[in-house]
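Novice: The following block contains a protein sequence and its predicted model.
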Amino acid sequence: MSGVQAPQRPLQAARAARAVGLWRTVGALLRKELLVELRTLESVPGMSLFAVTTFVVFHFALNRGSVEGDLAAGILWVTLLFAAILGVNRLFVADADQGGFDGFLLAPVDRSAMFVAKVLTLLAFLVVLELVAVPAFALLLLGAPLGPALPGLLATLALGDLGVAVIGTLVAAMAVRTRARDLLGPLLALPLFVPIVIGGARAISPLLVQAHPTAPAARWLLTLGLYDLVFGLIAYALFDFLLED
Amino acid sequence: MAALEVEGLARHYGEREALSDVSLSLGDGQTLVVFGPNGAGKTTLLRVLATLLRPHAGSVSVLGCKLPEQAWAIRGHVGLLGHEPLLYRELTARENLRFHARLYGVGEQRVGELLEAVAMDARANEPLRTLSRGMVQRVAVARAVLHDPELLLLDEPNSNLDPAAIELVAPLIGATSGRTRVICSHDPSGGLAEADLVLGLRAGRPALLRAATDVDRDDIAELYR
């Protein structure tokens, strides 16, 4: 057995002082996520292409000049959510397959940083998706230009995206270490996305009425905001446990 | 105080017992070499010491901190070089090391120094997927010592490395690095040459625990029969 005398160790407080701050860690993770996506182009192009293709299919399947109101709002939100699922499924794959989880867990960092970074990553992916999908939707399915509806639509999309990003990150972290991750992710995410579809579609439906477009219903925006808040808190509280052994 | 104090450690995966009743003590700056056939529990032991797995029974103290309660206190003081390089294939060697440097609060200068030390500075800006296994292993060595850890956990560290590369990484992870080390090995002569203490595992249980001076190649060969 060992017989070498151990020198005096530094205090545990000094060890803890080596820890890196939350936002620095989030910055490092976010930068890495975006670099990996830029190199692989595995998520955003697929999400965008899916959305545009779906609008094309609706355009021909509905066989009408344009859609409006509830129908238009429903088509937009359902398409965006299914496109988002593609990004959710890929969110942790590089970390799980290439040892990124272990590399992160070994570091003296707040584990919540990974949750925040992944939410921001998914949000960035959704924003790019919508930069492509919303004009395509207007072009292929809406009869009227989006101009006057744009501020209300952006506000609703922002609230919906936040909820999708939070729930998607939580679900992706749960699913990624299972064998059936490609199936489990959507199965867990879709029921949790239903309130976002309802709130989002109801909020933008008045904006997409061609005759007399009105502002989005405040109560649906509030519902979306509350849903985001509740799931944000739940996900933040649970995420560390999902990373633990 | 010892760098490692393990008493009655057990760890299982579902019904399967991966480690059982492992006890040892290792002093600062010493090297423990763990031998054993595939599936003997060597990697599980390293992962417990690295805080990646929780011990299910027994007590484990690493660098004076009890696991799992004080795992947070030793992160940043332990370097792990396992079978996986823990690097992203689409990023370059430099980008990977920069990423880890940010996680550990280490300056950019150290990244450059280590790339030079493992002779990867010329290929530092190429994606990892384009590099040979040996080159990736050299980058992984740089990643493991980036934050100048006190304790190194090495799982067959020389795999994929040619003799010249083994010599190259020796100052970083070898005996002259001055770090406390736990090495999993299948190489009796190389392992015994590095060891102060030898642990032999068979089916997760300790079959041999002696000072390296009291162990010969036949003792190691016996573990694999």
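Specialist: Now that the structure is in, tell me what you want to look at. Residues are numbered from 1 along each chain as shown, chains lettered A, B, ... in the order given.
Novice: Please identify the helix or strand for the residue nearest the centre of chain A.
Specialist: The centre of chain A sits closest to residue A:165, judged by CA atoms, centre = their mean, with a distance of 2.4 Å. According to DSSP states H and E, residue A:165 maps onto helix A:150-175.
Novice: average model confidence for that helix?
Specialist: Across helix A:150-175, the average pLDDT comes to 94.
Novice: before we move on, what about stretch A:180-193?
Specialist: 90.
Novice: CA atoms only for it - export them in PDB, please.
Specialist: Extracted in PDB, the C-alpha atoms of stretch A:180-193 (Å, rounded to 0.1, in the frame of the first residue of the first chain):
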ATOM      1  CA  ALA A 180     -35.400   4.800 -28.800                       C
ATOM      2  CA  ARG A 181     -34.400   8.500 -28.600                       C
ATOM      3  CA  ASP A 182     -35.800   9.400 -32.100                       C
ATOM      4  CA  LEU A 183     -39.200   8.000 -31.100                       C
ATOM      5  CA  LEU A 184     -39.300   9.000 -27.500                       C
ATOM      6  CA  GLY A 185     -38.400  12.700 -28.100                       C
ATOM      7  CA  PRO A 186     -41.500  13.500 -30.300                       C
ATOM      8  CA  LEU A 187     -43.800  11.200 -28.100                       C
ATOM      9  CA  LEU A 188     -42.900  13.200 -25.000                       C
ATOM     10  CA  ALA A 189     -42.700  16.600 -26.700                       C
ATOM     11  CA  LEU A 190     -45.900  16.700 -28.800                       C
ATOM     12  CA  PRO A 191     -48.400  16.500 -25.900                       C
ATOM     13  CA  LEU A 192     -46.500  19.200 -24.100                       C
ATOM     14  CA  PHE A 193     -46.500  21.300 -27.200                       C
END
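Novice: Can you give me the domain boundaries for chain B?
Specialist: Segmentation of chain B into domains, based on automatic domain parsing, reads B:4-77+B:150-223, B:88-148.
Novice: Off-centre distance for the first one?
Specialist: Right, the one you point to is domain B:4-77+B:150-223. Centroid separation for domain B:4-77+B:150-223 versus its chain: 7 Å, with CA atoms, centre = their mean, to the nearest Å.
Novice: how about it, does it get close to chain A?
Specialist: Yes. Judged by CB under 8 Å from any CB of the partner chain, domain B:4-77+B:150-223 and chain A are in contact via B:24-30, B:50-54, B:63-65, B:70, B:72-77, B:196-197, B:209, B:211. Backbone N, C-alpha and C define where each C-beta goes, glycine included.
Novice: So which of those are in strands?
Specialist: B:24-26, B:65, B:197, B:209, B:211 (DSSP state E).
Novice: Do you have the strands of chain B handy? List them.
Specialist: Using DSSP E, strands in chain B cover B:4-13, B:16-26, B:31-35, B:57-62, B:65-67, B:78-81, B:151-155, B:180-184, B:197-202, B:205-211.
Novice: Mind listing what's buried along the shortest one?
Specialist: When neighbours are counted by 16 or more other CB atoms under 10 Å in any protein chain shown, the buried residues of strand B:65-67 are found to be B:65, B:67.
Novice: got it, and stretch A:148-164?
Specialist: A:149, A:152-153, A:155-164.
Novice: Is it possible to get JSON lines of the strands of chain B that adds distance to residue A:190 and mean pLDDT?
Specialist: Below are these laid out as JSON lines (distance: least, CB to CB, whole Å; pLDDT from 0 to 100):
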{"stretch": "strand B:4-13", "distance to residue A:190": "31", "mean pLDDT": "95"}
{"stretch": "strand B:16-26", "distance to residue A:190": "35", "mean pLDDT": "94"}
{"stretch": "strand B:31-35", "distance to residue A:190": "46", "mean pLDDT": "96"}
{"stretch": "strand B:57-62", "distance to residue A:190": "41", "mean pLDDT": "96"}
{"stretch": "strand B:65-67", "distance to residue A:190": "39", "mean pLDDT": "92"}
{"stretch": "strand B:78-81", "distance to residue A:190": "37", "mean pLDDT": "96"}
{"stretch": "strand B:151-155", "distance to residue A:190": "40", "mean pLDDT": "96"}
{"stretch": "strand B:180-184", "distance to residue A:190": "44", "mean pLDDT": "96"}
{"stretch": "strand B:197-202", "distance to residue A:190": "46", "mean pLDDT": "95"}
{"stretch": "strand B:205-211", "distance to residue A:190": "47", "mean pLDDT": "94"}
